[in-house]
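Engineer: here are the coordinates; sequence isn't available:
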């Protein structure tokens, strides 16, 4: 009986760990719940229940098994980790992974840092900013100003967020820096269309994944998660807009 209970506890731990990794790295709420229940069913637990919100996961099984809760404090975007968890889940379902091996792989994945180096993230944000200027029918003369402003703003976002864990302030300061740089470039004649430079530069800060996941969760019937993610996306958009609005008001 004790051995069976220990095995059940380990299955619950695996399900919670898989759900935690997915939720921390940008997966939709309904996908997290589905993956956890599929893993439990693959290990012989057919009657499992999960309740997932952006800040926590509750998972339980019928019978003598415990109900466990995990708090989610930090959330970022790393879709590679979500893909790897999905791959592990499929291997579990097909019987390719044992309980111990699945637990080991998930633990390793949880501690890995698969994100691209900071310089590459900043370079990608800078290039994207310049390309957005062209996409919004700006001139090639504004490509470099947006390239510099967007890269500097994204670096500011990452750096400030490491110092202050409140994301709102990091996003606000990043957009404020972008506004200052854009205006300076136009004043010295290096840039021409201020609106195009600003719009292109703030695009890497826009919470596109959050908005998409909020809509998908709402459509899947997860109203609490969908509304909370929508509120988080609204706060991000408000922070970006406030930073730009203040510098424009000063200008």
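Structural biologist: Now that the structure is in, tell me what you want to look at. As the structure is a computational prediction, the values presented were derived from the model and not from experiment.

Engineer: which strands and helices sit next to the longest helix belonging to the chain?
Structural biologist: If you go by DSSP state H, the chain has its longest helix at helix 223-250. Packing contacts for helix 223-250, counted by 3 or more Cβ pairs under 8 Å, 6 or more residues apart in numbering; DSSP states H and E, involve strand 48-53, helix 167-187, helix 194-202, helix 208-219. Using the backbone N, CA and C atoms, a C-beta is placed for each residue, glycine as well.

Engineer: let's go with 10 Å and repeat that
Structural biologist: The helices and strands touching helix 223-250, judged by 3 or more Cβ pairs under 10 Å, 6 or more residues apart in numbering; DSSP states H and E, are helix 29-42, strand 48-53, helix 143-163, helix 167-187, helix 194-202, helix 208-219.

Engineer: what's the most buried one of these?
Structural biologist: Most buried of the helices and strands packed on helix 223-250, by mean neighbour count (mean count of other Cβ atoms under 10 Å): helix 194-202, with a mean of 25.

Engineer: what's the spacing between it and its chain's center?
Structural biologist: Taking Cα atoms, centre = their mean, to the nearest Å, the mean C-alpha location of helix 194-202 is offset from the chain mean by 24 Å.

Engineer: same deal with stretch 72-79?
Structural biologist: When distances are taken as Cα atoms, centre = their mean, stretch 72-79 is centred 5 Å away from the chain's centroid.

Engineer: please apply the same query to stretch 93-111.
Structural biologist: Taking Cα atoms, centre = their mean, one finds stretch 93-111 lying 23 Å from the centre of the chain it belongs to.

Engineer: swap in stretch 219-231?
Structural biologist: Counting by Cα atoms, centre = their mean, stretch 219-231 comes out at 15 Å from the chain centroid.

Engineer: on that earlier part again, just want the angle from the longest helix of the chain to strand 48-53.
Structural biologist: 20 degrees (axes from the mean of the first three to the mean of the last three Cα atoms, to 10 degrees).

Engineer: just how off-centre is helix 223-250 within its chain?
Structural biologist: 16 Å.

Engineer: quick check: angle from the host helix or strand of residue 84 to helix 208-219?
Structural biologist: In the assignment (DSSP states H and E), residue 84 maps to helix 79-93. Per the same axes, to 10 degrees, the angle that helix 79-93 makes with helix 208-219 is 40 degrees.

Engineer: any idea how far helix 79-93 is from the middle of the chain?
Structural biologist: 17 Å.

Engineer: helices or strands up against that helix?
Structural biologist: When contacts are defined as 3+ Cβ pairs under 10 Å, 6+ apart, helix 79-93 packs onto helix 2-24, helix 29-42, helix 99-111.

Engineer: need those helices in a markdown table (columns: mean pLDDT and distance to residue 133).
Structural biologist: A markdown table is the format used below for the helices and strands packed on helix 79-93 (pLDDT from 0 to 100; distance: least, Cβ to Cβ, whole Å):
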| stretch | mean pLDDT | distance to residue 133 |
| --- | --- | --- |
| helix 2-24 | 81 | 33 |
| helix 29-42 | 89 | 34 |
| helix 99-111 | 88 | 38 |
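
Engineer: how near is the closest residue to residue 15 other than its chain neighbours to residue 239?
Structural biologist: Using Cβ to Cβ, 6 or more residues apart in numbering and skipping residues adjacent in sequence, the residue nearest residue 15 is residue 36, 4.4 Å away. Distance from residue 36 to residue 239, counting by Cβ to Cβ, to the nearest Å: 32 Å.

Engineer: likewise residue 84?
Structural biologist: With distances taken as Cβ to Cβ, residue 84 is found 31 Å from residue 239.

Engineer: next: residue 161.
Structural biologist: Using Cβ to Cβ, one gets 12 Å for the distance from residue 161 to residue 239.

Engineer: what sits in contact with each of those two?
Structural biologist: Between them, residue 161 and residue 239 have 167, 169-171, 173-174 as joint contacts when contacts are counted by Cβ atoms under 10 Å, 6 or more residues apart in numbering.
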